[in-house]
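Q: From the sequence below, what's the structure:
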Amino acid sequence: MSTKLKYRHELKFIINRQQYYVIRQRLINLMDHDQHAGANGEYHIRSLYFDDIDNTALHEKLGGIRQRCKYRIRIYNVRDHIIHFEKKIKLNDYIAKVKEPITLDMYRSILANDFQVLHVPDKPLLMELYQQMNHRLLRPKVIVDYVREPLVYPYGNVRITFDKDLRTGLHQMDIFDKDLKPVAAMDENFIILEVKYDEFIPETIRSALQLEGLHRQSASKYVICRKFLKENSWEDY
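A: Residues are numbered from 1 along each chain as shown. Down below sits the predicted model:
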C-alpha cells in the first residue's frame, strides 16, 4: 500500500456479564458512546470473512504468527448504504486497517466469482484482492455477526468496545438477508472486550478498566466462528 499505515494498540479480553456490568458502570461516566451507535448505545455488525486455498489467515492465527492479515466485507445494521471491503493487519500487539467502499452490485459479483469488478488500478486494496482471488483462490469462508457497544475517549484516541451475542453462519448465506438466523458461536454469558488506543491509555480510563485483573486472550471472532462450524461438522478445514 502506498498510503502509510497507522498502527494502533489492540488488547482483547473475554469477560462475563458480571464483569461487563462492573466495567461498563465505571466507564460510562468517563467516556462517550460512538456517534454511530443507536439510542441504546449499540449497533449491529455483520462481516463476511475470506481466506485463501491454504486457510492462511486461520492457520497463522492459530499458529501465533505475529505478522498476519485478514480480509472481510463488513456491513452495519444489515443495510447496504455502507459496504466496506477491509484488510486488517496485525503486527505483534499493533493493528492497522485498510478499507475501500464497494457497491451492492460489486458484492453480488464477487460472490458469483466475477472478480473483474475488483480490477480498479487506482485502488490498491481492490487490486490486491483481485490478485488474491485469482492467484491464491481467496474465497468467502464464514459469517461473523454480533452487537457492538462502543465507547470513545479523545485523549489517546481510546476506543473500547463490548461485542455481544457472537453468532455465525455459513458463507453461502446472504449477509443482507434480514431474516438470516445465524447461530450462537459462544455462550451468551461471555462478551469480547476490545481496547484500542494510539500511544497511551489515560490513567482515569486505565483505572476504570483495571486491566491488571483481566486475563488477555486471543479472542479472534473469525477463529471462534470457524472453529464452531468445524466442531459442529458444518465445515472442514
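Q: what's the spacing between the nearest residue to residue 31 once chain neighbours are set aside and residue 27?
A: Distance criterion C-beta to C-beta, 6 or more residues apart in numbering; nearest residue to residue 31, sequence neighbours excluded, is residue 151 at 4.0 Å. Quick note: C-beta positions are derived from backbone N, CA and C, even for glycine. Applying C-beta to C-beta, to the nearest Å, one obtains 6 Å for the distance of residue 151 from residue 27.
Q: Which residues are in contact with each of the two?
A: Overlap between the contact sets of residue 151 and residue 27, as judged by C-beta atoms under 8 Å, 6 or more residues apart in numbering, is given by residue 160.
Q: mind checking the SS state of the closest residue to residue 170 other than its chain neighbours?
A: In this structure, residue 170 finds its nearest non-sequential neighbour in residue 234, 6.4 Å apart by C-beta to C-beta, 6+ apart. When states are read from DSSP: H, G, I helix; E, B strand; the rest coil, the local structure at residue 234 comes out as coil.
Q: same deal with residue 134?
A: helix.
Q: contacting residues around stretch 51-60?
A: Applying C-beta under 8 Å, 6+ apart, the external contacts of stretch 51-60 come out as 49-50, 68-71, 132, 136-139, 141, 222-223, 226, 237.
Q: same check, this time on stretch 96-107
A: Defining contact as C-beta under 8 Å, 6+ apart, one finds that stretch 96-107 is touched by 1, 3, 5-8, 73-74, 80, 82-89, 110, 117-118, 123, 125-126, 176.
Q: cutoff 7 Å now
A: With C-beta atoms under 7 Å, 6 or more residues apart in numbering as the contact definition, stretch 96-107 has outside contacts at 1, 5-7, 73, 80, 83-89, 117, 123, 125-126.
Q: Just the buried subset of those, please.
A: Buried by 16 or more other C-beta atoms under 10 Å: 7, 73, 83-89, 117, 123, 125-126, out of those.
Q: Take these and keep only those in helices.
A: Among those, DSSP state H puts 125, 126 in helices.
Q: For the strand ranked longest in the chain, which residues meet the burial criterion?
A: Among the segments of the chain that qualify as a strand by DSSP state E, the longest is strand 139-153. Burial within strand 139-153, assessed by neighbour count using 16+ other C-beta under 10 Å, is assigned to 140-153.
Q: List the strands paired with that strand, with their directions.
A: The sheet places strand 139-153 alongside strand 32-33 (antiparallel), strand 43-51 (antiparallel), strand 158-170 (antiparallel), with pairing taken from DSSP bridges.
Q: can I get the ones you listed in TSV with mean pLDDT?
A: Putting these into TSV (pLDDT from 0 to 100) gives the following:
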stretch	mean pLDDT
strand 32-33	94
strand 43-51	98
strand 158-170	97
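Q: among the ones you listed, which is nearest residue 17?
A: Of all those, strand 158-170 sits nearest to residue 17, with 9.2 Å by C-beta to C-beta.
Q: ok, the residue nearest to residue 31 touching residue 35?
A: No. Assessed by C-beta atoms under 7 Å, residue 151 is found out of contact with residue 35, at 11.6 Å.
Q: What ranges in the chain fall below the confidence cut-off?
A: 1-3, 236-237 (pLDDT under 70).
Q: Can you say which of the contacts of stretch 51-60 are buried?
A: Neighbour counting with 16+ other C-beta under 10 Å marks 49, 50, 68, 69, 70, 71, 132, 138, 141, 222, 223, 226 as buried within these.
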